[in-house]
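K.L.:
fold the following and give me the result.
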Amino acid sequence: MRAGPASACARRRVRFGVNYVPTQDWWYSWGDWHRDSVRRDLHDIAALEADHIRIQLLWPQFQPNAAAVNDEAISRLQQLLDDAHALSLDVEVTVLDGQLSGFLFVPAFLIDNQDGRARNVIVDPSIVAAEKRLFSALAQHIARHPAFMGFDIANEIYWFTQPLKMQFTPAQGDAWMEELLAYCEQIAPGRFHVNGVDKWPYEAGDPNGFTRKALARAGSASCVHPWAGFGPIYPKYGPLSASATHYSEFLVQYMQAFSGDGKRTIWIEEDGCSKRWVREDLIPRWAEASVRHAAGCDHLFGITWWCSHDVNPRYTGFNKLEYDLGLYTNDRKLKPLGRTLRDLIREFDKYPPPVQPRRAAIAIPDGMGSDDLLQPYMRHIENGVGPQVVLASRTHDRAYLASRGITQLLSL
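P.N.:
Numbers count the residues shown, from 1 in each chain. Model prediction:
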C-alpha cells in the first residue's frame, strides 16, 4: 500500500506541492546521481503532506545532441518517479530548462561553432524538431508512469532567450507554445501539460513573450509564479499589507479575465519568499495569509511552493536569495515556514477552503497589464470587496457575466 496523503489528495479542491530542490547536488544531480539522498529528500516532502512535486531537467544533460538523448539521465528520472510514487507524490516534469535559478544551461547543438551565435529555440524549425525529439524520448519512458503528472514545457523560457539574443514576437511565442503543448498531449494524452511562466507576461500593457489570451487557452492550465519579492511590493507596501498578502490571489483573478469563459484552471506553480526581502519571523505570517487568500479562488489547481530544501552552500554563484528559500534547511531541518505550510495543509484537509463568492468585478481595458491594476484592485480589497476582473470588451455580454456570477461592475 502506498504511503502518504493519497486519500486526502483525492478530495482536495486545491492541491499543495513543492518545487523539489535536491539537497546533495542541486539539479546537478542528474549527472552525479545519489538515489538514497533523493529518497530522503522525498520523504521530507511527503512529511509536509504535499501531494505533488515539480522537478527540473537540465536540458544539456538530457539532450547532449540534437539527435540523441541521454538514456542514463532518463533512467534516473524513472527512478525518481518510482520513489515519488511510493510516497503518493505526483511529479510535474519541467523539460526545456535552459535557465534555472540564475544559471544558463545551453545545449551545445544550439551554438554555431563558426560565429558563436545561439540558434533560436522558438522560431528555428530544426531546433523545435529537436525539442520534440526530447519530449518524445521522455514520453516513451514515463508517459504511462502512475506518478507522472505532466510536462511543463520550459521554465520561464524568455529568461533563457533574452540573454542569448534569441528574438521572437509574442505571436511567435504563442505558436511555439501551442505547438509544443499540443505535441505533449499527442505523446502523453490526458496528462497535465503547461507552460511554466512567471508574472512577466502579465505585468505590462504590451504582451511579453506570449499573449495573455494564448496563455489562457493553451495546455491544461495557465501558470503564474507570483514572487512578490521580485518587484516593489514588500518595500512599498509592507510584507503583511493587503498588497503583499493578496498578491497571488490578485494575479489569479487578473489572469482569469483573459480566458474564454472565465473558468480557466490556474496554477500558482511557484511562490516563495527570501529573508533578504522580508524579516525572517514575518515570512510564515505572510505565507499563511497569502495561501489562505489564494485558496479561496475558484478554478485554482494548486499552490506549489518554491522550494523544498535550501541550496547546498558548497555551490557558488547563485543569487544570494536562492540559498534560503527552502521549507527545510539544506541539512533537512524543518523551518518555521515549513511547519506553517504543513499545518495549513492539514487544516485544509479537515476543513477544505471554500470558494469565496465574488459578485463584483473590476472592468479593465483589454490591454491593461497587471501592474496598472494592482492599486485599484487592492483598494477594493481594503474596502472589503474581493473582486473578479473582467475585460471591458466582455462587459455587455450578460450571459458571460452571469456564468461567472458577476452582478456588479466596479470602476477602476
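K.L.:
Pro170 - how many residues pack around it?
P.N.:
Around Pro170 there are 17 other residues, counting by other C-beta atoms under 10 Å. Bear in mind the C-beta positions are built from the backbone N, C-alpha and C, glycine included.
K.L.:
got the confidence number for the closest residue to it other than its chain neighbours?
P.N.:
Excluding its sequence neighbours, the residue lying closest to Pro170 (C-beta to C-beta, 6 or more residues apart in numbering) is Pro207, at 4.2 Å. Pro207 is assigned 93 on the pLDDT scale.
K.L.:
what of Ala221?
P.N.:
Looking at Ala221, its pLDDT is 98.
K.L.:
and it, what does it touch?
P.N.:
By C-beta atoms under 8 Å, 6 or more residues apart in numbering, the contact set of Ala221 is 192, 194, 264-267, 301.
K.L.:
please apply the same query to Ser222.
P.N.:
Applying C-beta under 8 Å, 6+ apart, we find Ser222 in contact with 194, 215-216, 255, 259, 264-267.
K.L.:
reformat these as TSV; add neighbour count.
P.N.:
Conversion of the contacts of Ser222 to TSV gives the following (neighbours: other C-beta atoms under 10 Å):
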residue	neighbour count
Val194	28
Leu215	28
Ala216	19
Met255	22
Ser259	19
Arg264	19
Thr265	16
Ile266	23
Trp267	26
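K.L.:
what two of the residues you listed are the furthest from one another?
P.N.:
Greatest spatial distance in the contacts of Ser222: Val194 and Ser259, 14.3 Å, computed using C-beta to C-beta.
K.L.:
coming back round to it: out of the contacts of Ala221, the closest to Val14 would be?
P.N.:
Phe301 (7.6 Å).
K.L.:
any idea how many residues pack against the closest one?
P.N.:
As a burial measure, Phe301 scores 21 neighbours (other C-beta under 10 Å).
K.L.:
again with Gln24
P.N.:
With other C-beta under 10 Å as criterion, Gln24 counts 18.
K.L.:
surely it and Asn312 touch.
P.N.:
Yes - using C-beta atoms under 8 Å, Gln24 is in contact with Asn312, at 6.7 Å.
K.L.:
which non-adjacent residue is nearest the most centrally placed residue in the chain?
P.N.:
Note on the chain: the residue nearest the mean C-alpha position is Glu269, at 2.3 Å, using C-alpha atoms, centre = their mean. Distances taken as C-beta to C-beta, 6+ apart put Cys223 closest to Glu269, at 4.3 Å, once the chain neighbours are dropped.
K.L.:
SS state for the one you found?
P.N.:
Three-state call for Cys223 (DSSP: H, G, I helix; E, B strand; the rest coil): strand.
K.L.:
do Leu409 as well
P.N.:
Going by three-state DSSP: Leu409 is strand.
K.L.:
now Ser136: which helix or strand?
P.N.:
According to DSSP states H and E, Ser136 maps onto helix 125-142.
K.L.:
quick check: buried residues in that helix?
P.N.:
127-128, 130-139, 141-142 (16 or more other C-beta atoms under 10 Å).
K.L.:
now do the same contact list for Asn155.
P.N.:
56, 94, 96-97, 99-100, 196.
K.L.:
between the two ends of stretch 276-288, what distance do you get?
P.N.:
Separation of the first and last residues of stretch 276-288 by C-alpha to C-alpha, to the nearest Å is 19 Å.
K.L.:
report the buried residues of it.
P.N.:
277-278, 282-288.
K.L.:
returning to what we had before: which ones among the contacts of Asn155 lie within strands?
P.N.:
Counting by DSSP state E, the contacts of Asn155 place 56, 94, 96, 99-100, 196 in strands.
K.L.:
picking that back up, gap between whichever helix or strand comes after the helix holding Ser136 and the chain center?
P.N.:
Sequence-wise, the next helix or strand beyond helix 125-142 is strand 148-155, with elements assigned using DSSP H and E. Distance of strand 148-155 from the chain centroid (C-alpha atoms, centre = their mean, to the nearest Å) equals 10 Å.
K.L.:
what does stretch 274-285 give?
P.N.:
21 Å.
K.L.:
ok, and what's touching that stretch?
P.N.:
Applying C-beta under 8 Å, 6+ apart, the contact partners of stretch 274-285 are 229, 234, 239-240, 273, 286, 320-321, 324-325, 336-337, 339-340.
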